[in-house]
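**Q** just the structure for this:
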Amino acid sequence: MTIAFATTALPIIGAPMAGGTTTPELVAAVARAGGFPFVAAGYLTAEAMAPLVERAREETETFGVNLFAPNAVELDRESFDGFVTALEPRAADLGVDLDRDPVSDDDHYPSKIDWLIAHPVPLVSMTFNLPTAEVVDRLHGVGTQVAATVTSVDEAREAAARGVDALIVQGPSAGGHTGTADPTREIEDRPTVDLVREIRGEVDLPLAAGGGVDGEDAVAALLDAGASAVVVGTLLLLADEAGTSAPHRAALQDPAVYSETHLTRAFTGRPARALVNDFVREFDPVALDAYPALHHLTKGLRAAAKQAGDPDNLHLWAGTGYRAAAPGPAETIVKELGNRFAR
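**A** Numbers count the residues shown, from 1 in each chain. Presented below is the predicted three-dimensional model:
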(Lines give C-alpha, C1' and ligand atoms only; values in the text may rest on other atoms or scores of the structure.)
Protein backbone atom coordinates (compact mmCIF):
# COMPACT_ATOMS: atom_id res chain seq x y z
CA MET A 1 0.00 0.00 0.00
CA THR A 2 1.32 3.42 -0.97
CA ILE A 3 0.69 6.14 1.57
CA ALA A 4 -1.42 8.99 0.19
CA PHE A 5 1.15 11.75 0.69
CA ALA A 6 3.65 9.84 -1.46
CA THR A 7 1.38 9.83 -4.52
CA THR A 8 1.35 13.56 -5.33
CA ALA A 9 3.46 15.10 -8.08
CA LEU A 10 5.61 17.01 -5.58
CA PRO A 11 6.83 15.66 -2.23
CA ILE A 12 5.53 18.74 -0.39
CA ILE A 13 2.81 18.68 2.27
CA GLY A 14 0.98 21.84 3.25
CA ALA A 15 0.99 21.78 7.06
CA PRO A 16 -2.39 21.79 8.81
CA MET A 17 -2.20 25.14 10.62
CA ALA A 18 -5.23 25.34 12.88
CA GLY A 19 -7.06 28.46 13.97
CA GLY A 20 -7.81 29.73 10.48
CA THR A 21 -4.30 29.91 9.02
CA THR A 22 -4.87 26.97 6.68
CA THR A 23 -7.80 28.26 4.64
CA PRO A 24 -9.77 26.42 1.94
CA GLU A 25 -7.98 28.64 -0.57
CA LEU A 26 -4.59 27.51 0.77
CA VAL A 27 -5.68 23.86 0.57
CA ALA A 28 -6.69 24.38 -3.06
CA ALA A 29 -3.45 26.16 -3.95
CA VAL A 30 -1.28 23.38 -2.48
CA ALA A 31 -3.29 20.82 -4.44
CA ARG A 32 -2.95 22.80 -7.70
CA ALA A 33 0.79 22.96 -7.20
CA GLY A 34 0.97 19.17 -7.01
CA GLY A 35 1.50 18.97 -3.27
CA PHE A 36 -0.49 17.19 -0.56
CA PRO A 37 -2.87 19.50 1.33
CA PHE A 38 -4.34 19.06 4.80
CA VAL A 39 -7.58 20.35 6.22
CA ALA A 40 -6.75 21.72 9.68
CA ALA A 41 -9.61 20.52 11.89
CA GLY A 42 -8.12 21.46 15.25
CA TYR A 43 -10.31 23.82 17.35
CA LEU A 44 -13.33 23.02 15.14
CA THR A 45 -16.56 21.17 15.80
CA ALA A 46 -17.54 18.36 13.46
CA GLU A 47 -20.15 20.68 11.97
CA ALA A 48 -17.53 23.35 11.23
CA MET A 49 -15.07 20.80 9.87
CA ALA A 50 -17.54 19.21 7.45
CA PRO A 51 -17.77 22.00 4.82
CA LEU A 52 -13.98 22.41 4.82
CA VAL A 53 -13.55 18.72 4.07
CA GLU A 54 -16.15 18.84 1.32
CA ARG A 55 -14.47 21.87 -0.26
CA ALA A 56 -11.14 20.00 -0.22
CA ARG A 57 -12.84 17.02 -1.85
CA GLU A 58 -13.99 19.30 -4.67
CA GLU A 59 -10.39 20.35 -5.33
CA THR A 60 -8.52 17.07 -5.11
CA GLU A 61 -8.90 13.35 -4.49
CA THR A 62 -5.67 13.31 -2.47
CA PHE A 63 -5.74 15.17 0.84
CA GLY A 64 -5.72 14.65 4.58
CA VAL A 65 -7.58 15.87 7.65
CA ASN A 66 -5.64 16.65 10.82
CA LEU A 67 -7.18 16.26 14.29
CA PHE A 68 -6.06 17.15 17.81
CA ALA A 69 -6.19 13.92 19.80
CA PRO A 70 -7.23 14.60 23.42
CA ASN A 71 -4.38 14.80 25.88
CA ALA A 72 -5.28 17.13 28.73
CA VAL A 73 -2.55 17.74 31.32
CA GLU A 74 -3.49 17.32 34.97
CA LEU A 75 -3.88 20.85 36.27
CA ASP A 76 -2.05 22.27 39.28
CA ARG A 77 -4.82 24.64 40.42
CA GLU A 78 -2.58 26.75 42.65
CA SER A 79 -0.10 27.36 39.82
CA PHE A 80 -2.95 28.11 37.42
CA ASP A 81 -4.44 30.67 39.81
CA GLY A 82 -1.02 32.28 40.15
CA PHE A 83 -0.69 32.56 36.38
CA VAL A 84 -4.14 34.15 36.13
CA THR A 85 -3.13 36.75 38.72
CA ALA A 86 0.08 37.52 36.84
CA LEU A 87 -1.86 37.85 33.58
CA GLU A 88 -4.63 40.13 34.85
CA PRO A 89 -2.86 43.50 34.38
CA ARG A 90 -2.06 42.72 30.75
CA ALA A 91 -5.59 41.48 30.12
CA ALA A 92 -7.00 44.65 31.67
CA ASP A 93 -4.88 46.76 29.32
CA LEU A 94 -6.59 44.97 26.42
CA GLY A 95 -10.05 45.26 27.97
CA VAL A 96 -10.37 41.52 28.58
CA ASP A 97 -11.86 39.84 31.66
CA LEU A 98 -10.18 36.56 32.56
CA ASP A 99 -12.18 33.52 33.68
CA ARG A 100 -10.55 32.01 36.75
CA ASP A 101 -12.36 28.71 36.26
CA PRO A 102 -10.11 26.44 34.15
CA VAL A 103 -11.68 24.98 31.02
CA SER A 104 -10.92 21.54 29.63
CA ASP A 105 -12.28 19.86 26.51
CA ASP A 106 -11.62 17.07 24.02
CA ASP A 107 -11.66 19.38 20.96
CA HIS A 108 -14.79 17.55 19.75
CA TYR A 109 -12.55 14.63 18.81
CA PRO A 110 -15.12 11.79 19.13
CA SER A 111 -17.72 13.58 16.99
CA LYS A 112 -15.11 14.43 14.35
CA ILE A 113 -14.00 10.79 14.22
CA ASP A 114 -17.64 9.74 13.84
CA TRP A 115 -18.13 12.20 10.96
CA LEU A 116 -14.98 10.99 9.22
CA ILE A 117 -16.15 7.40 9.57
CA ALA A 118 -19.43 8.37 7.91
CA HIS A 119 -17.70 10.51 5.25
CA PRO A 120 -14.34 8.81 4.59
CA VAL A 121 -11.32 10.76 3.40
CA PRO A 122 -8.01 9.46 2.03
CA LEU A 123 -5.96 10.10 5.17
CA VAL A 124 -6.48 11.27 8.76
CA SER A 125 -3.58 12.40 10.92
CA MET A 126 -3.47 13.03 14.65
CA THR A 127 -1.33 15.36 16.68
CA PHE A 128 -1.03 16.19 20.42
CA ASN A 129 -1.47 12.48 21.16
CA LEU A 130 -1.29 9.11 19.41
CA PRO A 131 -4.51 7.58 18.10
CA THR A 132 -5.75 4.52 19.92
CA ALA A 133 -5.69 1.18 18.13
CA GLU A 134 -9.51 1.24 18.21
CA VAL A 135 -9.67 4.56 16.34
CA VAL A 136 -7.08 3.33 13.83
CA ASP A 137 -9.14 0.18 13.22
CA ARG A 138 -12.35 2.19 12.75
CA LEU A 139 -10.73 4.45 10.16
CA HIS A 140 -9.15 1.48 8.39
CA GLY A 141 -12.59 -0.08 8.26
CA VAL A 142 -13.81 2.68 5.91
CA GLY A 143 -10.65 2.72 3.79
CA THR A 144 -8.93 5.70 5.43
CA GLN A 145 -5.18 5.70 6.02
CA VAL A 146 -3.94 6.94 9.41
CA ALA A 147 -0.81 8.93 10.22
CA ALA A 148 0.47 9.93 13.65
CA THR A 149 2.63 12.92 14.49
CA VAL A 150 5.70 11.81 16.43
CA THR A 151 8.58 13.70 17.98
CA SER A 152 10.73 10.84 19.30
CA VAL A 153 11.69 7.25 18.59
CA ASP A 154 9.56 6.03 21.50
CA GLU A 155 6.49 7.76 20.10
CA ALA A 156 7.24 6.32 16.66
CA ARG A 157 7.46 2.78 18.03
CA GLU A 158 4.23 3.15 19.98
CA ALA A 159 2.38 4.63 16.99
CA ALA A 160 3.53 1.71 14.84
CA ALA A 161 2.32 -0.74 17.49
CA ARG A 162 -1.13 0.85 17.32
CA GLY A 163 -1.35 0.12 13.61
CA VAL A 164 -0.90 3.49 11.92
CA ASP A 165 0.07 3.56 8.26
CA ALA A 166 2.62 6.39 8.40
CA LEU A 167 4.43 8.80 10.68
CA ILE A 168 4.74 12.54 10.47
CA VAL A 169 8.06 13.30 12.11
CA GLN A 170 8.07 16.76 13.65
CA GLY A 171 11.42 18.23 14.56
CA PRO A 172 11.82 20.72 17.42
CA SER A 173 12.48 23.61 15.04
CA ALA A 174 8.94 23.44 13.62
CA GLY A 175 6.66 26.40 14.18
CA GLY A 176 3.53 26.25 16.31
CA HIS A 177 2.66 23.51 18.77
CA THR A 178 4.83 20.48 19.14
CA GLY A 179 2.81 17.35 18.47
CA THR A 180 4.41 15.34 21.25
CA ALA A 181 2.27 12.90 23.19
CA ASP A 182 4.03 14.06 26.36
CA PRO A 183 3.69 17.86 26.47
CA THR A 184 5.30 18.00 29.91
CA ARG A 185 8.69 16.85 28.68
CA GLU A 186 11.49 19.14 27.65
CA ILE A 187 11.90 19.09 23.89
CA GLU A 188 15.48 18.29 22.93
CA ASP A 189 16.96 20.78 20.45
CA ARG A 190 18.24 18.70 17.56
CA PRO A 191 18.19 18.79 13.74
CA THR A 192 15.09 17.29 12.17
CA VAL A 193 17.23 15.21 9.79
CA ASP A 194 18.84 13.44 12.75
CA LEU A 195 15.43 12.57 14.21
CA VAL A 196 14.25 11.29 10.82
CA ARG A 197 17.31 9.07 10.43
CA GLU A 198 16.90 7.69 13.94
CA ILE A 199 13.22 6.86 13.44
CA ARG A 200 13.89 5.51 9.93
CA GLY A 201 16.35 3.06 11.47
CA GLU A 202 13.83 1.82 14.05
CA VAL A 203 10.39 1.87 12.41
CA ASP A 204 9.50 0.52 8.97
CA LEU A 205 6.71 2.93 8.01
CA PRO A 206 6.49 5.74 5.45
CA LEU A 207 7.63 9.04 6.89
CA ALA A 208 6.83 12.67 6.26
CA ALA A 209 8.99 15.19 8.05
CA GLY A 210 9.02 18.87 8.91
CA GLY A 211 10.69 21.41 11.12
CA GLY A 212 13.14 24.13 10.17
CA VAL A 213 12.44 23.89 6.43
CA ASP A 214 13.81 27.10 4.90
CA GLY A 215 14.30 26.14 1.25
CA GLU A 216 15.19 23.48 -1.31
CA ASP A 217 18.32 22.31 0.49
CA ALA A 218 16.34 21.53 3.63
CA VAL A 219 13.80 19.59 1.55
CA ALA A 220 16.63 17.63 -0.09
CA ALA A 221 18.19 16.80 3.27
CA LEU A 222 14.95 15.44 4.71
CA LEU A 223 14.23 13.38 1.61
CA ASP A 224 17.78 12.02 1.66
CA ALA A 225 17.33 11.12 5.34
CA GLY A 226 14.40 8.87 4.46
CA ALA A 227 11.28 11.01 4.34
CA SER A 228 8.79 10.45 1.49
CA ALA A 229 7.50 14.03 1.76
CA VAL A 230 8.34 17.25 3.55
CA VAL A 231 5.85 19.24 5.63
CA VAL A 232 5.90 22.99 5.06
CA GLY A 233 4.10 25.41 7.35
CA THR A 234 6.13 28.51 8.21
CA LEU A 235 7.09 29.09 4.56
CA LEU A 236 3.37 29.38 3.77
CA LEU A 237 2.49 31.87 6.51
CA LEU A 238 2.94 34.85 4.17
CA ALA A 239 1.22 33.19 1.21
CA ASP A 240 -1.63 35.16 -0.33
CA GLU A 241 -4.11 32.41 0.55
CA ALA A 242 -3.02 31.91 4.17
CA GLY A 243 -5.26 33.19 6.95
CA THR A 244 -2.30 34.63 8.85
CA SER A 245 -3.37 37.80 10.68
CA ALA A 246 -2.02 41.22 9.70
CA PRO A 247 0.05 41.70 12.89
CA HIS A 248 1.50 38.19 12.53
CA ARG A 249 2.44 38.89 8.90
CA ALA A 250 4.07 42.17 9.89
CA ALA A 251 6.09 40.56 12.68
CA LEU A 252 7.38 37.81 10.37
CA GLN A 253 8.75 40.51 8.07
CA ASP A 254 10.35 42.58 10.85
CA PRO A 255 13.46 40.64 11.89
CA ALA A 256 14.96 43.72 13.48
CA VAL A 257 12.29 43.54 16.21
CA TYR A 258 11.32 39.86 16.13
CA SER A 259 14.74 38.32 15.72
CA GLU A 260 14.38 34.86 17.26
CA THR A 261 11.99 32.02 17.96
CA HIS A 262 11.47 30.13 21.19
CA LEU A 263 9.59 27.06 22.38
CA THR A 264 7.18 28.44 24.95
CA ARG A 265 4.20 27.27 27.03
CA ALA A 266 3.19 30.85 27.78
CA PHE A 267 0.22 31.06 25.40
CA THR A 268 -1.45 27.66 25.71
CA GLY A 269 0.26 25.56 28.38
CA ARG A 270 1.72 23.31 25.68
CA PRO A 271 5.15 23.85 24.08
CA ALA A 272 4.91 25.80 20.83
CA ARG A 273 7.53 27.65 18.81
CA ALA A 274 6.84 31.35 18.35
CA LEU A 275 8.61 34.59 17.61
CA VAL A 276 9.82 36.07 20.88
CA ASN A 277 7.68 39.07 21.81
CA ASP A 278 6.85 40.91 25.03
CA PHE A 279 4.32 38.27 26.09
CA VAL A 280 6.85 35.46 25.73
CA ARG A 281 9.53 37.41 27.57
CA GLU A 282 7.22 38.13 30.51
CA PHE A 283 5.22 34.93 30.84
CA ASP A 284 7.44 32.12 29.57
CA PRO A 285 9.41 32.06 32.86
CA VAL A 286 6.18 31.47 34.82
CA ALA A 287 4.27 29.37 32.27
CA LEU A 288 3.02 25.95 33.27
CA ASP A 289 1.97 22.65 31.73
CA ALA A 290 -1.74 23.30 31.48
CA TYR A 291 -3.18 22.58 28.04
CA PRO A 292 -5.99 23.16 27.20
CA ALA A 293 -6.76 25.26 30.30
CA LEU A 294 -4.13 27.89 29.49
CA HIS A 295 -5.21 27.96 25.84
CA HIS A 296 -8.77 28.82 26.87
CA LEU A 297 -7.56 31.32 29.48
CA THR A 298 -5.52 33.37 27.02
CA LYS A 299 -7.80 32.94 23.98
CA GLY A 300 -9.77 36.14 24.59
CA LEU A 301 -6.63 38.15 25.26
CA ARG A 302 -5.02 36.92 22.06
CA ALA A 303 -8.17 37.67 20.06
CA ALA A 304 -8.20 41.21 21.44
CA ALA A 305 -4.53 41.65 20.54
CA LYS A 306 -5.23 40.47 16.99
CA GLN A 307 -8.14 42.89 16.69
CA ALA A 308 -5.98 45.72 17.97
CA GLY A 309 -3.08 44.90 15.63
CA ASP A 310 -0.88 44.25 18.66
CA PRO A 311 1.81 41.65 17.87
CA ASP A 312 3.37 41.77 21.35
CA ASN A 313 0.38 40.02 22.93
CA LEU A 314 -0.23 37.62 20.06
CA HIS A 315 0.94 34.04 19.54
CA LEU A 316 3.31 34.57 16.61
CA TRP A 317 3.83 30.92 15.67
CA ALA A 318 6.93 30.48 13.52
CA GLY A 319 9.58 27.86 12.88
CA THR A 320 13.27 28.58 12.82
CA GLY A 321 13.19 29.03 9.03
CA TYR A 322 10.78 31.98 9.22
CA ARG A 323 13.17 34.44 7.60
CA ALA A 324 12.86 32.52 4.34
CA ALA A 325 9.07 33.05 4.25
CA ALA A 326 7.98 35.45 1.51
CA PRO A 327 4.67 36.81 0.25
CA GLY A 328 3.18 35.43 -2.94
CA PRO A 329 0.79 32.81 -4.32
CA ALA A 330 0.99 29.55 -2.41
CA GLU A 331 1.00 27.59 -5.65
CA THR A 332 4.20 29.36 -6.68
CA ILE A 333 5.81 28.87 -3.27
CA VAL A 334 5.12 25.12 -3.31
CA LYS A 335 6.27 24.67 -6.89
CA GLU A 336 9.51 26.59 -6.36
CA LEU A 337 10.19 24.50 -3.28
CA GLY A 338 9.31 21.13 -4.77
CA ASN A 339 9.79 21.14 -8.55
CA ARG A 340 13.40 19.98 -8.22
CA PHE A 341 12.09 16.82 -6.52
CA ALA A 342 9.11 16.08 -8.78
CA ARG A 343 8.29 12.40 -8.74
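**Q** what about the spatially closest residue to Asp310 that is not a sequence neighbour, which helix or strand?
**A** Leaving aside its sequence neighbours, Asp310 sits nearest to Pro247 (Cβ to Cβ, 6 or more residues apart in numbering; 6.4 Å). C-beta: built from backbone N, CA, C; applies to glycine. Using DSSP states H and E, Pro247 sits in helix 246-252.
**Q** from Gln253, how far off is the residue nearest to Asp310?
**A** 11 Å (Cβ to Cβ, to the nearest Å).
**Q** show me which of those two is the more surrounded one.
**A** Just comparing Pro247 and Gln253: by other Cβ atoms under 10 Å the higher neighbour count belongs to Pro247, 20 against 13.
**Q** on that earlier part again, enumerate the positions of the helix holding Pro247 that are buried.
**A** Pro247, His248, Arg249, Ala251, Leu252 (16 or more other Cβ atoms under 10 Å).
**Q** can you pull the pLDDT of the third one?
**A** The predicted local confidence for Arg249 comes out at a pLDDT of 98.
**Q** residue contacts, the nearest residue to it once chain neighbours are set aside?
**A** Using Cβ to Cβ, 6+ apart and skipping the chain neighbours, the partner closest in space to Arg249 is Leu238 (6.0 Å). Counting by Cβ atoms under 8 Å, 6 or more residues apart in numbering, Leu238 touches Thr244, Arg249, Leu252, Gln253, Ala325, Ala326, Pro327, Gly328.
**Q** can I get the residues you listed in TSV with distance to Asp99?
**A** Shown next, in TSV, are the contacts of Leu238 (distance: Cβ to Cβ, whole Å):
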residue	distance to Asp99
Thr244	27
Arg249	30
Leu252	31
Gln253	34
Ala325	34
Ala326	39
Pro327	37
Gly328	40
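**Q** from these, pick the one nearest Thr60.
**A** Ranked by distance to Thr60 (Cβ to Cβ), those are led by Gly328 at 21.0 Å.
**Q** contacts for the host helix or strand of Leu52, please.
**A** Taking DSSP H and E as the definition, one finds Leu52 inside helix 46-59. By Cβ under 8 Å, 6+ apart, the residues outside helix 46-59 that reach it are 24, 27-28, 31-32, 37, 39, 41, 44, 63, 65, 108, 111-112, 114-116, 119, 121.
**Q** which of these fall within strands?
**A** The members of the contacts of helix 46-59 that map onto strands under DSSP state E are Val39, Val65.
**Q** helices - which of the contacts of helix 46-59 land there?
**A** Pro24, Val27, Ala28, Ala31, Arg32, Ser111, Lys112, Asp114, Trp115, Leu116 (DSSP state H).
**Q** turn those residues into JSON lines, columns for distance to Ala290 and pLDDT.
**A** JSON lines is the format used below for the ones in helices among the contacts of helix 46-59 (distance: Cβ to Cβ, whole Å; pLDDT from 0 to 100):
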{"residue": "Pro24", "distance to Ala290": "32", "pLDDT": "98"}
{"residue": "Val27", "distance to Ala290": "32", "pLDDT": "98"}
{"residue": "Ala28", "distance to Ala290": "36", "pLDDT": "98"}
{"residue": "Ala31", "distance to Ala290": "37", "pLDDT": "98"}
{"residue": "Arg32", "distance to Ala290": "40", "pLDDT": "98"}
{"residue": "Ser111", "distance to Ala290": "24", "pLDDT": "98"}
{"residue": "Lys112", "distance to Ala290": "23", "pLDDT": "98"}
{"residue": "Asp114", "distance to Ala290": "28", "pLDDT": "98"}
{"residue": "Trp115", "distance to Ala290": "29", "pLDDT": "98"}
{"residue": "Leu116", "distance to Ala290": "29", "pLDDT": "98"}
